[in-house]
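*Asks:* Any chance you could fold what I've pasted below:
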Amino acid sequence: MMAICVRYTNSRFEAEDIFHEAFVKVFKYISTHEGGSFEGWMKRIFVNTAINHYHKNRKYQAQLDYSAMEESVPAADDVLSTISAQELLVLINQLPEGYRLVFNLYVIEGYNHREIGEILNIAEGTSKSQLAKGKSLLKKLLQQYSISDHVTR
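*Replies:* Have a look, this model is predicted:
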């Protein structure tokens, strides 16, 4: 469950706050669990708590412009085979807040764009655009990672 919290935040401190808040909700509402997958029910609480945290703190988030990010030279075709899950998580966490949230909800949590739009109070098209931009930026970050990784070896 901590991995879910980390995916939706910029810092370990924020992730721990969400983790604690979500567990309080789990214990508070455990009597409402109506069978089915307990892990899935808990996961939904953690994801929703992380999204609510984002909404409450959005005004405090610094908006960064990544459109001017430097182009990198394409690296080896199979960058993902040389990167660990932890290293990939670090790169995903470098995405701007909006890109990262949509990426996590779509790719990892399995929501569709309509659902993401409702959750984040954005248009469905904005969700699609944020995902495309997030994937593009992640690809650039992976290429940069691969280049720097080969230099340090």
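
*Asks:* what's the neighbour count on residue 39?
*Replies:* Residues near residue 39, counting by other C-beta atoms under 10 Å, number 9. The way it works is simple: take the backbone N, C-alpha and C, and place the C-beta from them, glycine included.

*Asks:* where's it, which helix or strand?
*Replies:* Under the criterion of DSSP states H and E, residue 39 resides in helix 38-57.

*Asks:* now that helix: how far from the chain's centre is it?
*Replies:* 12 Å (C-alpha atoms, centre = their mean, to the nearest Å).

*Asks:* Could you do stretch 84-92 as well?
*Replies:* Distance of stretch 84-92 from its chain centroid, counting by C-alpha atoms, centre = their mean, is 11 Å.

*Asks:* Contacts for that stretch next, please.
*Replies:* Stretch 84-92 has contacts (C-beta atoms under 8 Å, 6 or more residues apart in numbering) with 3, 6-7, 80, 83, 100, 103-104, 138, 141-142, 145.

*Asks:* Look up the closest residue to residue 107, ignoring the ones flanking it.
*Replies:* Closest residue in space to residue 107, ignoring its immediate chain neighbours: residue 131 at 7.9 Å, by C-beta to C-beta, 6 or more residues apart in numbering.

*Asks:* Repeat that for residue 120.
*Replies:* In space, and not counting its chain neighbours, residue 120 is closest to residue 101: 6.4 Å by C-beta to C-beta, 6+ apart.

*Asks:* just residue 2 next, same as before
*Replies:* Leaving aside its chain neighbours, residue 2 sits nearest to residue 19 (5.5 Å; criterion: C-beta to C-beta, 6+ apart).

*Asks:* now the helix or strand encompassing the one you found against helix 38-57, angle please.
*Replies:* Under the criterion of DSSP H and E, residue 19 resides in helix 12-29. Here the directions of helix 12-29 and helix 38-57 differ by 120 degrees (axes from the mean of the first three to the mean of the last three C-alpha atoms, to 10 degrees).
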